[in-house]
Every structure is written in C-alpha cells, then in structure tokens.
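Asker: coordinates for the following, if possible.
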Amino acid sequence: MSTKIYYDEIKFRLKEADKTKKFIEKVIRNEKLVPGDLNFIFTTDKGLRKINQEFLSKDSDTDVIAFNYNICEEVIGEIYISIERVRENSHNYNVSLRSEVLRVMIHGVLHLCGYNDKKKEEIEIMRKLENKNLDEYFKKF
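Answerer: Numbers count the residues shown, from 1 in each chain. Sure thing, here's the model as predicted:
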C-alpha cells in the first residue's frame with residue numbers, strides 16, 4: 001500500500017503531503033475498505049481535458065477524474081486533478097486553495113470507494129462526506 005503524488009508540468013506542490021496522504025488513507029478506512037496503491041496526479045486544464053476526451057469521450061474541463069482499479073476491498077486507483085480548475089473553484093467558492101485541493105482529493109477517493117455523483121441525491125451524499133472529512137482534517141487530524 002502506498003499513496004503517491006505526482007506533478008505534471010505544473011509548479012504547484014501540495015503542502016503537508018505526508019499528513020494529507022495519511023488522512024486520505026483514513027478516509028478509505030472510514031468507509032470500511034483497505035487503502036491500496038493510490039496515485040494523485042496534479043496537472044493542467046489541458047492535461048485533464050485530454051484525459052477527459054480520450055477516456056470519457058467528453059470535451060470539457062473538469063477538476064478531477066478518478067480511475068478505479070480496486071481489487072475486492074482494496075482501493076487502488078489514479079486520481080487526476082487540474083490545479084488550474086481547483087484554483088478557480090477556490091476563488092469562486094471563496095475558500096482556501098488548500099481546502100479546495102483537499103475537497104477534490106477526497107472527492108476522487110470517494111469515487112474509488114464506490115460513490116457516484118450523477119443524481120441529485122448522490123451529489124448530496126458526496127458533499128456531506130466531503131464536508132465531514134474536511135472538518136475532521138482541519139479540526140482533529
């Protein structure tokens with residue numbers, strides 16, 4: 001089991017990366033699953049749009065795409081994050097960049113844990129879990 005963070009042609013670097021990796025693994029354990037190999041890849045809008053086109057046949061910007069390679073209860077996957085989109089969202093929602101980066105990382109992990117966000121009810125469930133985990137990170141972890 002390992003959680004790794006990669007940067008694709010960007011200057012951004014995640015602060016407190018070790019603390020964040022441990023917390024992400026805790027999010028998975030809270031879902032009664034086992035953390036496996038996870039790769040977070042921070043990239044550009046252009047990079048994520050290319051992935052969106054190639055693998056999901058969508059020609060649009062997004063903040064996160066998760067690829068699930070789970071084996072039984074072990075959560076394994078790749079989570080691609082556009083730091084440009086996250087930075088814009090942090091400004092639009094008037095939250096810190098740190099908070100929005102963590103939200104998107106948690107969001108990607110929740111997808112790997114089996115949550116979806118296609119329907120209104122699913123979005124509400126994911127948002128509640130994101131908020132619960134963010135609160136825990138900033139208050140307790």
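Asker: could you use CA atoms for every contact and neighbour count after this?
Answerer: Fine.
Asker: show me the helices in this structure, by range?
Answerer: Taking DSSP state H as the criterion, the chain carries its helices at 17-30, 45-56, 83-92, 97-112, 120-139.
Asker: let's have those helices in a markdown table, adding mean neighbour count.
Answerer: Below are the helices of the chain laid out as a markdown table (neighbours: other CA atoms under 10 Å):
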| stretch | mean neighbour count |
| --- | --- |
| helix 17-30 | 17 |
| helix 45-56 | 16 |
| helix 83-92 | 17 |
| helix 97-112 | 20 |
| helix 120-139 | 14 |
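Asker: dump the residue contacts of the residue lying closest to Ser2 once chain neighbours are set aside.
Answerer: With sequence-adjacent residues excluded and distances taken as CA to CA, 6 or more residues apart in numbering, Ser2 is closest to Asp37, at 4.8 Å. Residues counted as contacts of Asp37 (CA atoms under 8 Å, 6 or more residues apart in numbering) are 1-4, 75-77.
Asker: what of Tyr6?
Answerer: 39-42.
Asker: recalculate using a threshold of 6 Å.
Answerer: With contacts defined as CA atoms under 6 Å, 6 or more residues apart in numbering, Tyr6 is in contact with Ile41.
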